[in-house]
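> fold the following.
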Amino acid sequence: MSAPLPQKGLGPGVLPVMPHQQQTQPGMPPQGALREISPVYLCRIGQETVQDIVTRTMEIFQIARATQLPNGVTQSQPAYQDRFGKLQEHLRQLTLLFRKLRLLYERCVEMTPDLQESTAELVPYVGEETTAVRVEPCSPAVIQERQEVLEKVRQKNQEMKVLMDQMRNLLWDVNAMLTMRK
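Got it, this is the predicted structure:
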C-alpha cells in the first residue's frame, strides 16, 4: 500500500489518514508509529519475547531430560554432538532474547519516566518506622495442640526417612543384581 500524497491546507509533514488505511498487519506498528513506537507496542513485543524465552527454556529442559546420564554405558558420539549443538544453539538464542528484552525494557523506561515507581514505593517500610503489633498470648490448650501436631509431624518425617533409606537400599540391590546379570 503506498502512502497518500500530502494535500493542500495541511501542515508540512502531516499526512491525512483515510478510513480504509487504519488496518495494519499484526506484528506491525500502527500508522504514524514509524517516527516513534509507542510504549504499549514495545510492551507487546516484550511480552512476545518473554513467551519466546519460556519456550526456549522449556526446550532446553526437554533436551536435558532426554539426555542419558553417564552410567558406564557409552553413548554414540554423533547423537551426543547433535544434542550438544542443539543445546548450545538454544542457549545462544536465549542469551539474545534476554538482551532484546533488556533493550525493550530500557526503551520503555526512557519513554515513560513519569510512570516509573521509586524504590521506596516498591519496598515496604523503607525509611518508615514500623509500629509494633501487640500479639496476645495463646491459651495453654492451643500451645498443647501445637506441640502435639509438631510431634506428629516429626514422627511422620522420621518414618518417611526410614522408608526412603529402605527404598534407596532396595534400588542399589536391584541395580547390583542387574549389573551382575549382564
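
> please enumerate the strands of the chain.
Taking DSSP state E, the chain contains no strands at all.

> max-length helix in the protein?
Longest helix in the chain by number of residues (criterion: DSSP state H): helix 140-181.

> let me see the mean pLDDT of stretch 56-68.
For stretch 56-68, mean pLDDT is 87.

> in it, which residues are buried?
Residues R56, E59, I60 are the ones in stretch 56-68 that count as buried (16 or more other C-beta atoms under 10 Å). (Each C-beta comes from the backbone N, C-alpha and C, glycine too.)

> pick the one among the residues you listed closest to V40.
For the buried residues of stretch 56-68, the closest approach to V40 (C-beta to C-beta) belongs to R56, at 24.9 Å.

> correct me if wrong: that closest one contacts R92.
No. Between R56 and R92 no contact is recorded; they are 9.9 Å apart, counting by C-beta atoms under 8 Å.

> mark out where each domain of this structure begins and ends.
Domain assignment for the chain by the TED database gives 37-69+77-114, 146-181.

> can you map out the helices along the chain?
Remark: helices assigned in the chain by DSSP H are 39-66, 77-111, 119-122, 140-181.

> okay, the angle between the first one and helix 77-111?
This points to helix 39-66. Here the directions of helix 39-66 and helix 77-111 differ by 160 degrees (axes from the mean of the first three to the mean of the last three C-alpha atoms, to 10 degrees).

> still on that earlier bit, quickly, which of the helices of the chain bottoms out on average pLDDT?
For those, mean pLDDT drops lowest on helix 119-122, to a mean of 56.

> quick one on the thing from earlier: which one of the domains of the chain is the most hemmed in?
Most buried of the domains of the chain, by mean neighbour count (mean count of other C-beta atoms under 10 Å): domain 37-69+77-114, with a mean of 13.

> looks like T112 contacts P39 (just checking).
Yes. Using C-beta under 8 Å, T112 is in contact with P39, at 5.2 Å.

> returning to that earlier point: can you put the buried residues of stretch 56-68 in a markdown table and add distance to E136?
Shown next, in a markdown table, are the buried residues of stretch 56-68 (distance: C-beta to C-beta, whole Å):
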| residue | distance to E136 |
| --- | --- |
| R56 | 52 |
| E59 | 54 |
| I60 | 51 |
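
> can you tell me how far L87 is from T49?
Using C-beta to C-beta, to the nearest Å, one obtains 21 Å as the distance from L87 to T49.
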